[in-house]
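[1] 3D model of this:
(one chain, ligands or ions: 1)
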Amino acid sequence: MTQTGFGIDIGGSGIKGAVVDMETGEFIGERIKIATPKPATPEAVAEVVAEIVAQAEWDGPVGITLPSVVRGQIALSAANIDKSWIGTDVHELFDRHLGGREITVLNDADAAGIAEATFGNPAAREGAVILLTLGTGIGSAFLIDGVLFPNTELGHLIVDGDEAEHLASAAVKESEDLSWKKWTKRLNAVLEEYEKLFSPSVFIIGGGISRKHEKWLPLVEIDTDVVPAELRNRAGIVGAAMAVAKHLAP
Ligand code: BGC
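    Alright, predicted model coming up:
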């Protein structure tokens, strides 16, 4: 019988969930997406999560991503989400809404990292790897031979006087209407700083913008290899399902 799991990815605009084939990392059936409630308070979001799980008729363990630092199953930051998440016991929250099942909550980029290391670009499995997700913010996952060091938050590192994610996220490219050339110049400055501090063997870039890598990857000029992630927007859901299945609660 196929091993299955269930992952939920909580994002700024949508909350998405799907049943995951744990042997292949593919979805089984449809991905369910419901718009993120406004304001996206913990209670409102947890109600949507419960609705997705109910719609999928899933009664097993559930892994959930959050764009926040999660330590000891407490959310500790809220850069691009409602500030009321800070200090929330996310295990208690989702347990109350999804009752009587195993639940694991982890950072969204960390989820993408563990999924990529298992099912995505083979480069993610070897050596000291930094995976970055470029979306509303910049998320990061540090991996050593595929094993995660959680909650690294490189998007908030100061580069040229500003937070990296305020310079070079995909959302900033959009809101400031930057050309590929201008945006990649900023990304390059961010990657150079990360390279200087951490000397990874490779950078893997995920998030929606990795789909258009032919536009910007040739313009990146750093010494370290930079490669696109392969799982793209599947990564969060798959990583969440893996985290709960493998008991990887940060
Ligand atoms: C948050 C991270 C998150 C990233 C991507 C950042 O603003 O601080 O926790 O991983 O955005 O969503």
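
[2] Looks like Gly146 contacts Gly120 (just checking).
    No: taking contacts as CB atoms under 8 Å, Gly146 lies outside contact range of Gly120: 10.7 Å. C-beta here means a position set from N, CA and C on the backbone, and glycine is covered the same way.

[3] Neighbour count: the two, which is higher?
    Between Gly146 and Gly120, Gly120 has the larger neighbour count (other CB atoms under 10 Å), namely 26 against 15.

[4] Got the domain ranges for this protein?
    4-108+235-245, 121-230 (automatic domain parsing).

[5] I'd like to know which of those domains is closest to Ala115.
    domain 4-108+235-245 (3.6 Å; CB to CB).

[6] Give the next helix or strand downstream of the top helix by length along the chain.
    For the chain, the helix with the greatest residue count under DSSP state H is helix 180-198. Proceeding N to C from helix 180-198, the next assigned helix or strand is strand 202-206, under DSSP states H and E.

[7] ok, that next one: who's next to it in the sheet?
    Looking at strand 202-206 with DSSP bridges, its partner strands are strand 128-134 (parallel), strand 225-228 (parallel).

[8] Could I get the domains of the chain in a markdown table, plus columns for mean pLDDT and distance to Ala115?
    Compiled in a markdown table, these are given as follows (pLDDT from 0 to 100; distance: least, CB to CB, whole Å):
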| stretch | mean pLDDT | distance to Ala115 |
| --- | --- | --- |
| domain 4-108+235-245 | 96 | 4 |
| domain 121-230 | 96 | 9 |
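
[9] Do a quick rundown of the helices in the protein.
    Going by DSSP H, the chain shows helices at 42-55, 90-98, 108-119, 164-168, 170-175, 180-198, 213-216, 235-245.
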